[in-house]
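>>> No sequence on hand, only this structure:
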């Protein structure tokens, strides 16, 4: 999938939309950019862990979909996130790449940075299960309803 196709697919798949912008799709992987606001922060002037995990999982999913095409039933089967440094309350950039796609699993790696900072704030390894992805399902069940 190219960037425009992938962006349209992802925005249509998730009810309520997505909190990030897809900024790059190529053979090397994907880049997502997420503005951080009051909902994604915590006391102490930092980004909340669940916000970072959301971005890591989203970048991994986007990277997998860029390789295998639209598979609404591909699901996260494992995610391991290491928090390396305290993220500042600034936009976050996620760089995701696919390490391997097998018959039933896809393995990815995601690095997350504060925008403009070359040092990562977190690193994630995410595995997606593709075993349900090719089931014959009614497309209306995966379409956006709002």
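Structure's in. What do you need? Not measured: the values here are computed from a predicted model.

>>> hey, let's count contacts and neighbours off CA atoms from now on
Will do.

>>> can you give me the mean pLDDT across the longest helix seen in the chain?
Taking DSSP state H as the criterion, the chain has its longest helix at helix 49-68. When pLDDT is averaged along helix 49-68, the result is 96.

>>> all helices for the protein, in order.
Under DSSP H, the chain gives helices at 3-13, 49-68.

>>> Counting by contacts, list what the shortest one packs against.
Helices and strands touching helix 3-13, as assessed by 3 or more Cα pairs under 8 Å, 6 or more residues apart in numbering; DSSP states H and E, comprise strand 21-26, helix 49-68.

>>> what angle do the shortest one and helix 3-13 make?
The one in question is strand 21-26. 140 degrees (axes from the mean of the first three to the mean of the last three Cα atoms, to 10 degrees).

>>> what pLDDT, on average, does strand 21-26 get?
On average, strand 21-26 scores 95.

>>> which of the residues in it are buried?
By neighbour count on 16 or more other Cα atoms under 10 Å, the buried set for strand 21-26 is 22, 24-25.
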